[in-house]
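Engineer: what follows is a predicted structure for the sequence shown.
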Amino acid sequence: MYAIVKVGGKQYRVEKGDSLLVDRMPDDEGAKVALRPLLFKDDSDDAVFASSDLEKVKVEAVVTGHERGPKIHVLKFKPKRGYKRRMGHRSDLTRLEIGDIKLLSRKPAAAKTADEPKAEAAAEPKAAPKKAPAKKPAAKAATTEAAPKKAPAKKPAAKKPAAKAAADKPAAKKPAAKKPAAKKPAAKKPAAKKEDGDGA
């Protein structure tokens, strides 16, 4: 009987009593951990790998300790450039001891403990806030009624600046009328040059 479990993004083949070295886990030493099974094979050579059937498989492990892996030396070197870097690395690991591997007859129910009364107590206050928001929309409706009364008062004030802007536009056109007048004296100057040429 064995199972293939997934721990920390890696897959391991485990049997009852095996010692397994995996990536560091946040659980304390001596804590029980339930591992996620991907495949279960019984002594009768029946393999279980369907997701609905794997929910019935239970793989328990106990954290026996936290360790560090062997030191790995890393050396970077580029010839003829004077570049050399040396580093070391040690992985943080957790040692697990596999306990029971079982195929239950039905899917395990949710844990019913002292947490259940807490969940009921938490559900009761949620019902009370639902009534309070029902009152708030009524208050919002009252504020929205007051808001349209203020909006018409602001609209006439907005029209006055528009009228001022329209009055400013004709004033801008007047300097444009003076520009063609400036071009006429420029036309007279060449005529004066022709006269000077005739006198010579």
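Structural biologist: Yes, it's here. Numbers count the residues shown, from 1 in each chain.
Engineer: measure the residue lying closest to Ala47 once chain neighbours are set aside to Met1 for me?
Structural biologist: Once flanking residues are discounted, Ala47 sits nearest to Lys41: 4.8 Å by Cβ to Cβ, 6 or more residues apart in numbering. From N, CA and C alone the C-beta is placed, and that goes for glycine too. Distance of Lys41 to Met1, given as Cβ to Cβ, to the nearest Å: 7 Å.
Engineer: just the mean pLDDT for stretch 31-40, thanks.
Structural biologist: What stretch 31-40 shows for mean pLDDT is 92.
Engineer: how about stretch 82-93?
Structural biologist: On average, stretch 82-93 scores 97.
Engineer: put the alpha carbons of it into CSV.
Structural biologist: Extracted in CSV, the C-alpha atoms of stretch 82-93 (Å, rounded to 0.1, in the frame of the first residue of the first chain):
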residue,chain,number,x,y,z
GLY,A,82,38.4,39.9,-14.0
TYR,A,83,34.9,38.8,-12.9
LYS,A,84,34.5,36.1,-10.2
ARG,A,85,31.7,35.7,-7.7
ARG,A,86,31.4,32.9,-5.1
MET,A,87,28.2,32.2,-3.2
GLY,A,88,26.8,29.5,-0.9
HIS,A,89,23.3,28.3,-0.3
ARG,A,90,21.6,26.0,2.2
SER,A,91,17.9,25.1,1.8
ASP,A,92,15.5,25.1,4.8
LEU,A,93,13.8,21.7,5.0
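Engineer: flag the shaky bits of the chain, pLDDT-wise.
Structural biologist: 107-200 (pLDDT under 70).
Engineer: who has more neighbours out of Lys41 and Met1?
Structural biologist: Lys41 (17 against 12; other Cβ atoms under 10 Å).
Engineer: phi and psi next, for the more buried one.
Structural biologist: Phi and psi for Lys41, reported as degrees, to the nearest 10, are phi -130, psi 120.
Engineer: which ones are touching it?
Structural biologist: Lys41 makes contact with Met1, Tyr2, Ala3, Ala47, Val48, according to Cβ atoms under 8 Å, 6 or more residues apart in numbering.
Engineer: ok, now with 10 Å
Structural biologist: The contact partners of Lys41, by Cβ atoms under 10 Å, 6 or more residues apart in numbering, come to Met1, Tyr2, Ala3, Ile4, Arg13, Ala47, Val48, Phe49, Ile101, Leu103.
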